Every structure is written in C-alpha cells, then in structure tokens.
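Participant: Structure, please.
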Amino acid sequence: MKKIVILALTFGIFVACENKQRTDAQTLEEKQKALQPTADKFPVMQIDTPVVDLGKIMEGDTIMHVYNFKNTGNMPLVLSNVSASCGCTTPSYSTEPVAPGDKGFITVKFNSKGKEGKLNKTVTAFANTKPAENMVSFKIEVLPKTIK
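Facilitator: Predicted coordinates:
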C-alpha cells in the first residue's frame, strides 16, 4: 500500500510540475512575427539627409559619417542588415528596435586607400519597412597623394 501511495504522490508531483515555459525558439518566433509589417501597421525610416557630399580627402585617409533617421511609422523598426556597395565602406548601425518616434543611426566609414577621383558610394539598409531596402549615399573626391 505504501508503494502505491508513494507512486501516486510521485506521479502527482510530475504532473503538477509540468514545464510550461516557452522555448527560446517559440519566443523568438513570436517576436519576429510581432515585428512583421501589415497593411495598417508598419515602420517608416525617415533619413535626415540620405545623400551627402563629404568633400575632398587625400588618398589613404579615412572618413566617417553618421546618417540619422527617425521611425515615423507606428511599429518598431528593426534593421536586419546594412551593406555597402564596396569593401572600402564599412557600415555599423542601430541594433536595437527603434520605437515609433525614436531615432536610430547608420554610421559609414570610408577608407580611401587605393582610391582616386570623384566617387559615389551607396549603402543599403535592410529593415522591416515597406520596401525593405532603404538607401543612403555619399559623394567624395579623393585627391592623389603628393610625393615629396
């Protein structure tokens, strides 16, 4: 009789302690679904100055520029990736969701080593916006190094 009572109590404990926590995959999937734009809810990336002229620099110099943007939509804006048109430009960007009304950034670092002349470079930010591609660009003139 004791074995039956112990067995029943053990079974009761296991049933009562059923793991009701969500898995990380379920939570991540729900977060991603919540950030998917719909016809009436979507983020809008309003870039302060999408095209800039960075002037003139000497070949071999590096220059940085920050593009600021505001989410003028009605749901959080999430940048999934930012890519440059060439390897001479390295982007970094806001990694946290940008709430409606808040600001985010895209920073580009341009290395002019081996470059010369008037150049136009583009950077594409992929986000949960419609359309997903948001472009910024800059013009720069790279002057040749003078040999002394």
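Participant: mind listing the helices for this protein?
Facilitator: 2-16, 24-34 (DSSP state H).
Participant: Distance of Glu116 relative to Leu77?
Facilitator: If you measure Glu116 against Leu77 using CB to CB, to the nearest Å, the figure is 37 Å. To be clear about C-beta, it is placed using only N, CA and C from the backbone, and glycine gets the same treatment.
Participant: Can you tell me who the residue nearest in space to the middle of the chain pairs with across the strands?
Facilitator: Nearest residue to the geometric centre of the chain (CA atoms, centre = their mean): Leu79, 2.6 Å. With DSSP bridges applied, the residues forming beta bridges to Leu79 are Ala127.
Participant: Can you name the residues that contact it?
Facilitator: With contacts defined as CB atoms under 8 Å, 6 or more residues apart in numbering, the neighbours of Leu79 are 93-95, 98, 104, 106, 125-127.
Participant: could you redo the last one with a cut-off of 10 Å?
Facilitator: The neighbours of Leu79, taking CB atoms under 10 Å, 6 or more residues apart in numbering as the test, are 45, 69, 91, 93-98, 104-106, 125-129, 134.
Participant: Next one, pLDDT for it please.
Facilitator: As summarised for this prediction, Leu79 has a pLDDT of 97.
Participant: repeat for Thr72
Facilitator: We note a pLDDT of 97 for Thr72 in this prediction.
Participant: Tell me how far it lies from Ser92.
Facilitator: Summarising the geometry, the distance separating Thr72 from Ser92, computed by CB to CB, is 23 Å.
Participant: Where do the domain boundaries of the chain fall?
Facilitator: If you go by automatic domain parsing, the domain ranges for the chain are 2-34, 45-143.
Participant: and those, which is most packed in?
Facilitator: Using mean count of other CB atoms under 10 Å, the stretch among those with the largest mean neighbour count is domain 45-143, at a mean of 16.
Participant: What ranges does the chain have for its strands?
Facilitator: Listed in chain order, the strands of the chain (DSSP state E) span residues 45-47, 51-58, 62-71, 79-84, 89-93, 103-111, 117-127, 133-143.
Participant: Sheet-wise, list the partners of the third one with their directions.
Facilitator: Within its sheet, strand 62-71 is paired with strand 45-47 (antiparallel), strand 103-111 (antiparallel), according to DSSP bridges.
Participant: Quick check: mean pLDDT of the first one?
Facilitator: Yep, that's strand 45-47 we're talking about. Per-residue pLDDT over strand 45-47 has a mean of 97.
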